[in-house]
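Visitor: turn this into a structure:
(one chain, ligands or ions: 1)
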Amino acid sequence: MEEKQGIITEIIFHNEDNGYTIAVMETEAEYFTVVGCLPSCVKGSSYKLRGTFKVHPTYGEQFAFTEFEEMLPTGKAGIEGFLASGVIKGIGPKMAAAIVNLFGEETLEIMEHEPEKLSRVSGIGPKKAESIAESFAAHREFANVSMFFQEYGVSADYALKLYKIYGASATELIKENPYRLVEEVYGIGFRKADTIAEKMGIEKESTFRIHSGIKYGLSYYVGEGNTYMPQQELCEKVAELLDVSTELIYENMVTMAFEGDIQIDSLDGQTVVYLYLYYLAEQKVCKNIAAIAGAGLKALSVDIDSMIKMTEGETGIILSEQQITAVKSSLTSGVSVITGGPGTGKTTIINTIINIFEQSEFKVAIAAPTGRAAKRITETSGHYASTVHRLLEYYYCEGEDVMKFGKTSEDPLNYDVVIVDEASMIDLMLMQGLTDAIKPGTRLIIVGDYDQLPSVGAGNVLRDIIESEYVHTVILKEIFRQAEESMIVVNAHRINKGEYPFVNGKDKDFFLMERPSEKAILDLILELITKRLAAYYEGIVPVRDIQVLTPVRKGALGSIFLNKELQQALNPPRDDLMERKFGEKLFRENDKVMQIKNNYQMGWKKRRDFSEGQGIFNGDVGFIEKIDKEFNQMTVIFDEDKYVTYDFSQLDELELAYAVTVHKSQGSEFPIVVMPISWFPPVLATRNLLYTAVTRGKQIVVLVGSEGRMNAMIDNNRIKMRYSGLRYRLENLLEVGR
Ligand SMILES: Nc1ncnc2c1ncn2[C@@H]1O[C@H](COP(=O)(O)OP(=O)(O)OP(=O)(O)O)[C@@H](O)[C@H]1O
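Guide: Model (predicted):
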């Protein structure tokens with residue numbers, strides 16, 4: 001192996017994800033092409049590279065290196081080139097020249113040891129001097145950390161993430177237990193950590209590995225919506241995954257249960273395993289519901305029947321018997337549920353209830369699980385609705401570096417009534433937070449459509465509560481929105497009952513456009529979105545008003561591929577539009593994007609009134625305003641005026657949103673919904689997925705593809721089974737109460 005030291009004078013190719021670089025290096029005596037992995041490579045930086053010269057059949061002799069060490073540049077020109085390259089935040093070419101002009105070859109020494117002197121350069125104040133020093137130190141540390149991780153196949157982007165979490169001690173901590181990556185670094189899964197551990201020589205049967213594998217197994221099933229797993233099934237699956245004996249898994253499960261990481265429990269005669277937090281959550285939700293349902297209630301100061309009559313007089317809507325039952329049960333119960341499909345009057349009932357409570361001067365809060373659902377409820381009900389998280393004052397607890405609910409059993413919500421709508425989206429953890437913060441004596445009214453897809457997070461909360469029959473539930477069956485008004489509503493109910501929809505009626509809003517192949521489906525979707533729909537419906541802005549939904553992520557009609565095609569069609573490359581790659585994803589200025597995880601700390605600013613706030617949520621859709629390569633940042637505008645700045649390392653939180661999966665679309669509505677209907681895996685091509693997709697469309701639903709496949713989806717009434725113990729636990733409470 002040879003060693004070469006020199007300056008990178010030209011970058012021929014650089015892959016930002018894995019660091020693969022082809023560049024020209026100049027040493028004192030020669031220049032040559034170098035090939036290998038260099039994270040964050042910029043022109044002007046100096047390296048010591050170790051490798052060998054190889055002859056490439058087309059490009060000739062190249063120095064292929066396997067190890068690198070970043071060297072600080074020497075000489076005025078070298079230092080200036082290094083600073084001007086953009087590696088230090090806040091220094092561009094002009095400032096680099098000014099700094100080097102003043103400090104010459106001592107520049108880097110000064111940046112490291114006496115940064116305050118930097119403020120002698122015009123344009124640099126004490127604050128900027130400090131931030132330059134920090135950025136320089138970070139650059140040096142990061143170079144070391146990423147050098148270490150590259151040996152283990154960790155890409156430059158992840159090395160940066162690790163560095164941000166652990167700082168300079170990243171290497172030591174990971175060497176000791178690489179499995180901590182799984183829990184502490186978003187985006188590194190067990191498999192990746194396991195590969196790294198193997199390269200580091202960690203034993204297959206190491207306790208770190210087995211414990212991490214068990215947690216990974218359980219987390220995987222939690223990710224699929226389950227709150228627990230039968231023990232035997234889990235042991236077999238994890239043993240297979242780790243290639244160790246099931247006995248070893250059993251033994252380790254017992255230790256983990258003692259240590260409090262997991263809970264082994266007996267449910268309906270079966271031994272099951274929970275991640276401890278989920279076990280606790282199920283127990284608490286159960287206990288809380290029992291306490292809220294059983295508490296004495298403050299009496300209303302008005303007569304319910306005459307209030308209903310009065311509201312009917314005001315709105316002109318005479319409530320059906322079932323609706324009256326729903327109103328009354330929610331006024332008189334500690335916990336009540338109102339469920340029903342679209343157009344069955346849930347909003348009408350909520351409005352009546354609020355009216356009656358307000359007449360009695362009760363304090364009422366309305367909330368929904370997502371920001372978009374809350375916004376929609378505010379619009380349709382005329383009453384302000386917040387997200388459940390906001391209601392519970394979710395905040396970042398700096399001392400513990402975790403997110404917490406401000407409202408808890410110790411400091412509960414100060415309301416007489418809490419109404420939560422779109423409750424099908426509430427998962428177990430959120431229900432725990434919500435019911436913890438509701439003090440007995442407050443009425444909890446849960447509204448939702450339990451035929452929608454269940455929550456993305458684990459649990460089957462709404463369905464379990466309804467099926468346990470523990471609390472008073474009204475299932476609304478009658479549809480009030482008229483067929484002349486909306487075929488979408490009529491068809492949603494037909495689909496839900498297992499009947500095939502009426503399609504392509506004249507002047508209607510529900511269409512099935514048959515196409516024989518995936519290619520033909522894709523072509524028609526592109527044509528509809530770029531031309532036909534906007535030409536037919538006045539005032540439609542395709543990127544804003546049309547949402548393509550799809551059951552799947554992968555494949556020719558999956559959201560990933562559809563997004564690529566739609567991006568090309570709706571926002572093609574242009575010289576003046578900056579781009580940034582992250583993994584397989586390519587973001588371009590003007591792109592429509594979706595936040596794919598809750599980030600309660602992410603700050604936003606409104607430019608209209610300069611207000612500021614925190615929190616961008618899973619499912620929030622926005623547009624890329626600016627990609628700034630000098631500061632490695634991307635600005636996205638949400639809700640028309642909320643400006644959010646993402647560091648490039650945070651781009652794993654965003655996806656293109658020209659097409660989104662039906663699961664991700666829950667709780668939102670769009671003027672026009674377009675969805676491909678082709679062969680999709682039967683676990684996804686289900687009736688309640690189609691039902692959920694169709695009910696997202698407000699004005700028009702266009703299905704593109706095969707009628708046979710659509711009908712097969714309706715026939716497939718397999719509601720994916722989730723392991724969830726809430727129903728069983730509530731039923732048990734009922735038994736005990738009897
Ligand atoms: N008892 C009733 N008599 C006549 N019309 C009614 C009655 N109840 C509700 N409606 C009307 O039916 C339509 C749908 O009601 P509403 O919006 O309350 O239902 P929803 O269940 O909230 O539907 P979605 O989930 O689609 O918003 C509204 O136009 C409403 O005015």
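Visitor: let's see the helix or strand that contains Val543 as CSV, backbone CA atoms only.
Guide: Using DSSP states H and E, Val543 maps to helix 542-545. The C-alpha trace of helix 542-545 is given here as CSV (Å, rounded to 0.1, in the frame of the first residue of the first chain):
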residue,chain,number,x,y,z
PRO,A,542,-53.1,20.2,-9.9
VAL,A,543,-50.2,20.1,-7.5
ARG,A,544,-52.4,21.6,-4.7
ASP,A,545,-55.8,20.1,-5.3
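Visitor: just checking: what are the partner strands of whichever strand or helix holds Val593?
Guide: Element membership of Val593 [criterion: DSSP H and E] is strand 592-595. Here strand 592-595 is paired, per DSSP bridges, with strand 621-628 (antiparallel), strand 654-656 (antiparallel).
Visitor: which residues make contact with the last one from outside it?
Guide: It refers to strand 654-656. Contacts to strand 654-656, defined as C-beta atoms under 8 Å, 6 or more residues apart in numbering, come from residues 559, 563-564, 566-567, 585, 587, 591-596, 636, 646. Where C-beta positions appear, they are placed from N, C-alpha and C, glycine not excepted.
Visitor: at 6 Å instead, please
Guide: Outside strand 654-656, the residues within contact range by C-beta atoms under 6 Å, 6 or more residues apart in numbering are 563, 567, 591, 593-594, 596.
Visitor: could you do the first one as well?
Guide: Residues outside strand 621-628 that contact it (C-beta under 6 Å, 6+ apart) are 578, 580, 587, 589, 591-594, 634-638, 657.
Visitor: ok, and what's touching the longest helix belonging to the chain?
Guide: In the chain, with assignment by DSSP state H, the single longest helix is helix 126-150. Identification of contacts with helix 126-150 by C-beta under 6 Å, 6+ apart yields 37, 39, 70, 87-90, 111, 115-116, 118-119, 156, 159, 163, 168, 170-171.
Visitor: which phi and psi values does the closest residue to the ligand within the stretch 601-738 of the chain adopt?
Guide: Distances between the stretch 601-738 of the chain and the ligand by C-beta to the nearest ligand atom are smallest at Thr695, namely 7.2 Å. Dihedral angles of Thr695 (phi, psi; degrees, to the nearest 10) stand at phi -80, psi 0.
Visitor: and for it, the neighbour number?
Guide: Neighbour count for Thr695, taken as other C-beta atoms under 10 Å: 26.
Visitor: got a list of what it touches?
Guide: Thr695 is in contact with 342, 492, counting by C-beta under 6 Å, 6+ apart.
Visitor: that one and Tyr166: what is the separation?
Guide: Using C-beta to C-beta, to the nearest Å, Thr695 is found at 45 Å from Tyr166.
Visitor: please name the nearest non-neighbouring residue to Tyr221.
Guide: Once flanking residues are discounted, Tyr221 sits nearest to Met229: 4.9 Å by C-beta to C-beta, 6 or more residues apart in numbering.
Visitor: still on that earlier bit, just checking, next helix/strand downstream of the strand holding Val593?
Guide: Moving toward the C-terminus from strand 592-595, the next helix or strand (DSSP H and E) is strand 599-606.
Visitor: who does the helix or strand that that next one is followed by pair up with?
Guide: The first helix or strand that comes after strand 599-606 along the chain, using DSSP H and E, is strand 612-616. Sheet pairing of strand 612-616 (DSSP bridges) gives strand 599-606 (antiparallel).
Visitor: pull the partner strand out as PDB, backbone CA atoms only.
Guide: Extracted as PDB, the C-alpha positions of strand 599-606 are listed here (Å, rounded to 0.1, in the frame of the first residue of the first chain):
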ATOM      1  CA  ASN A 599     -41.000  16.300  14.900                       C
ATOM      2  CA  TYR A 600     -42.300  18.400  17.800                       C
ATOM      3  CA  GLN A 601     -39.100  20.400  18.100                       C
ATOM      4  CA  MET A 602     -38.900  21.600  14.500                       C
ATOM      5  CA  GLY A 603     -39.400  25.300  14.600                       C
ATOM      6  CA  TRP A 604     -41.500  27.300  12.100                       C
ATOM      7  CA  LYS A 605     -41.900  30.900  11.300                       C
ATOM      8  CA  LYS A 606     -44.700  32.700   9.600                       C
END
